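Student: Sequence below, structure please.
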Amino acid sequence: MNQSIYELFNLEGKVAILVGGTGLLGRNYAKVLSAAGARVVIADINKEGCDQVAKEIMQGNNILARGIETDITNKESVERMVQEVLSEFGKIDILINNAVARPPPATVENYDLENWRKAMGVNLDGVFLCCQIVGKEMTKRGSGVIVNIGSTYGLVSTDHRMYESPDRASPPVYAASKGGVIQLTRYLATYWAKKGIRANCLIPGGVWNNQDPNFVEKYVEKTPMGRMARPEEYNGAMLFLCSEASSYMTGANLVVDGGWTAW
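Tutor: Presented below is the predicted three-dimensional model:
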């Protein structure tokens with residue numbers, strides 16, 4: 001059966017949970033999903049931010065959105081959020097795990113174990129909890145889409161030459177947690193494939209956000225396209241992964257990094 005472009009990317013009637021939806025990229029993801037017709041739930045520990053993004057969506061697209069304060073490191077909090085979504089919308093079609101903790105950088109030799117554990121609690125444990133609890137509901141309906149957010153540093157090593165000193169580099173826990181997210185996604189994709197659930201990773205590259213000019217210059221030198229990404233440039237990839245346009249895709253990494261990992 002031939003599908004129109006509209007049908008391929010249409011999300012009307014879908015219910016999407018966007019975990020970590022108050023940040024730079026999360027707001028963009030929320031808006032593109034809503035523009036495609038999805039009712040979006042912003043689940044974030046920042047309650048004020050949740051409500052603000054939901055308000056922006058409803059004003060911009062005239063479609064229902066909700067903000068629910070959620071601590072993804074706490075199982076009861078995630079379960080409560082999921083039950084609220086089910087009570088109001090009756091189902092969950094899409095889960096996007098976009099929350100991230102960025103602890104202060106430090107050398108490997110001096111890296112604080114508590115900072116490691118806090119970051120892992122959000123970046124990997126929290127992703128697992130959300131997948132576990134939402135995925136359980138998706139299996140009951142026999143359908144669902146999970147999109148986890150990885151990182152180029154989950155695919156290749158941090159290039160320490162880009163940073164002024166080792167204690168300013170991206171911390172080791174970030175690379176370790178994002179590598180874990182990528183492998184967890186593969187596991188869930190194969191585990192739930194016969195249950196009608198697809199799980200993929202979106203791997204974004206660096207996004208321009210008023211970073212230190214010296215860092216930006218070094219980053220751009222390493223990027224074939226010669227620039228950092230604009231925040232909205234990941235919207236198409238996200239919509240693709242959430243829609244029927246990617247219906248035969250699971251367990252994959254969609255890398256959108258301006259060629260960073262192609263060298």
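Student: For the spatially closest residue to residue 115 that is not a sequence neighbour, list the residues it contacts.
Tutor: Of all residues not flanking residue 115 in the chain, residue 103 sits nearest, at 4.1 Å (C-beta to C-beta, 6 or more residues apart in numbering). C-beta here means a position set from N, CA and C on the backbone, and glycine is covered the same way. Neighbouring residues of residue 103 by C-beta atoms under 8 Å, 6 or more residues apart in numbering: 112, 115, 116, 118, 119, 171, 173, 174.
Student: The third one contacts residue 173, doesn't it?
Tutor: This means residue 116. Yes: look at residue 116 against residue 173 with C-beta atoms under 8 Å: they come within range, at 4.7 Å.
Student: between these two, who's got more neighbours?
Tutor: Between residue 116 and residue 173, residue 173 has the larger neighbour count (other C-beta atoms under 10 Å), namely 24 against 17.
Student: Which secondary structure element is home to that one?
Tutor: Assessed by DSSP states H and E, residue 173 sits inside helix 172-192.
Student: likewise residue 7?
Tutor: Assessed by DSSP H and E, residue 7 sits inside helix 5-9.
Student: Work out the sheet partners of the next helix or strand after that helix and label each with its direction, please.
Tutor: Remark: after helix 5-9, the chain's next helix or strand is strand 15-19, criterion DSSP H and E. Looking at strand 15-19 with DSSP bridges, its partner strands are strand 39-44 (parallel), strand 94-97 (parallel).
Student: can you pull the buried residues of the next helix or strand after the last one?
Tutor: By that I understand strand 94-97. Later in the chain than strand 94-97, the nearest helix or strand by DSSP H and E is helix 113-120. Within helix 113-120, the residues that count as buried by 16 or more other C-beta atoms under 10 Å are 115, 116, 119, 120.
Student: quick one: helix 113-120 to helix 172-192, angle?
Tutor: Computed with axes from the mean of the first three to the mean of the last three C-alpha atoms, to 10 degrees, the direction of helix 113-120 lies at 40 degrees from that of helix 172-192.
Student: quick one: the helices in this protein?
Tutor: 5-9, 24-35, 47-61, 75-89, 113-120, 127-141, 172-192, 213-221, 235-242 (DSSP state H).
Student: circling back to that earlier point, please work out the average pLDDT along the helix holding residue 7.
Tutor: Per-region confidence: helix 5-9 scores 92 on mean pLDDT.
Student: quick revisit: and which of the buried residues of helix 113-120 is nearest to residue 225?
Tutor: Among these, residue 119 lies closest to residue 225 (C-beta to C-beta), at 29.2 Å.
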